[in-house]
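Visitor: Requesting a structural model of the entry that follows:
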Amino acid sequence: MLKTQWPHCGLIGLPLKPYIQSASEIAAVLQAELEQAVQAHLDTSARVKGYDDILSACTYANSANATFKAEGMEAVAWRDAVWTYCYGVLAAAQAGTRQIPTEAELISELKLQCPLVW
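Guide: Okay, here's the model as predicted:
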C-alpha cells in the first residue's frame, strides 16, 4: 500500500492506482470531457429557448401542434448537426490531423459551424 500526502488532509493510507494508464485511456477521458461540454451546450441553448433541455425540445418533433412540431424538428436537426460536427472533430484529433480542442475551443467552433437558428 502506498501512502500519499494530500493538501489539507494529512497523511492517509490508501492504495493508489494511477488515474490514467494508457494513451487510449487518455483519449477516452478527453472524449468524455468534450462530450459532456457539448451536451451542456445543447441543454443550455435549449433552455434559452424555453425548454428544460435539448431532449425536451426534441420530443416536440412529434407534437400535434404545428408550431411546437416545427421547433422540435429544428431542435433535432440542430442537435444532429452539433454531434456530427463534434464527432468529426474528435475523429480528426484521433487521426492526428488536428489538435485536440479545449472545451471552450470546441464550443466556440460549434457556435460558428452549427449556429442555433431555431
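Visitor: Test my guess that Gln113 contacts Gly88.
Guide: No - assessed by Cβ atoms under 8 Å, Gln113 is found out of contact with Gly88, at 9.5 Å. The C-beta positions use only the backbone N, C-alpha and C, and glycine is treated the same way.
Visitor: ok, Ala66 - contacts?
Guide: Applying Cβ atoms under 8 Å, 6 or more residues apart in numbering to Ala66 gives no contacts.
Visitor: Please determine how far it is located from Lys49.
Guide: Ala66 is 17 Å from Lys49, where distance means Cβ to Cβ, to the nearest Å.
Visitor: Could you pull out the strands in this protein for me?
Guide: Counting by DSSP state E, the chain has strands at residues 3-6, 10-13.
Visitor: Among those, show the one with the smallest mean pLDDT.
Guide: Lowest mean pLDDT within the strands of the chain: strand 3-6, at a mean of 41.
Visitor: what's near enough to touch Gln113?
Guide: By Cβ under 8 Å, 6+ apart, the neighbours of Gln113 are Tyr85.
Visitor: Just the pLDDT for it.
Guide: pLDDT, read off for Gln113, is 97.
Visitor: Look up how far Ser63 lies from it.
Guide: 28 Å.
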